[in-house]
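In: Model the structure of this input:
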Amino acid sequence: MANWGNMAQIVSTASATLMGLLFVAIQLNRDWIIKYPSIRGRATETLLVFALALIVAILLAIPGQSVRQLGVELLVMGIIYGFAVLAINTNRKQGDSIASLDRRLRHTPAVSSAVLTLISGSMLAAGFASGLYWLLATMILALVGGITSAWIFLIGDHN
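Out: Down below sits the predicted model:
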C-alpha cells in the first residue's frame, strides 16, 4: 500500500481544490441554484462526491495500516456516504421543471461512487489487494462526476 501514497496525495489535492471551486461556482449562480430545490440537492451531492474522494484519499494515506483495515474503513465510509446520497435524493421535489434531467445526470457519479467504494472495501476487507484498483475507479469517477456537476453550476442558467 505504500506505493499508493502518491495517488492519495494527488487525489486529495485535486478534490480539495475542486471543493473550493465548487463553492465559487455556487456563489456565482446562487440565485439560479436557490430557485430549484433539485439543483440545491445536486450542489450538496456534488460537494459530497468531492468529499468522498478527499476522505478516501486520506484513508489511503494513513501509514502502517493493513489492507484489511483500509477495507473496513472503506466499508464504513461507503455506508455513510450511501445513506447521505439516499437522504438527499429522498428530499428532492419531483415538481421541478428540470428535475427529470437532473435525476438522470445526478445519480450516475454519486450512486456509482458509493457502490464502487463498497466493492473496494469488501475486497480489501477480505484481504484482496486488488480492491485498490476498484478504489482507483471510485476516485476517478468521483472527480469526473463532480467536475461535470461543478461545470453545470458554473455555466448556470443565465436566462
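In: From here on, just use CA atoms for contacts and neighbour counts.
Out: OK.
In: Going along the chain from the lowest-mean-pLDDT helix or strand in the chain, find the next helix or strand for me.
Out: The least trusted helix or strand in the chain, going by mean pLDDT, DSSP states H and E, turns out to be helix 99-125, with a mean of 78. The helix or strand immediately downstream of helix 99-125 is helix 131-155, counting by DSSP states H and E.
In: what's the model's confidence in that next one, averaged?
Out: Helix 131-155 shows a mean pLDDT of 88.
In: Might you report the residue contacts of residue 67?
Out: Residues near residue 67 by C-alpha atoms under 8 Å, 6 or more residues apart in numbering: 1, 124-125, 127-129.
In: What about the residues you listed, which one has the most neighbours?
Out: Within the contacts of residue 67, neighbour counts (other C-alpha atoms under 10 Å) peak at residue 124, which reaches 26 neighbours.
In: Identify each buried residue in stretch 122-142, please.
Out: Buried residues in stretch 122-142, counted by 16 or more other C-alpha atoms under 10 Å: 122-125, 127, 129, 131-132, 134-142.
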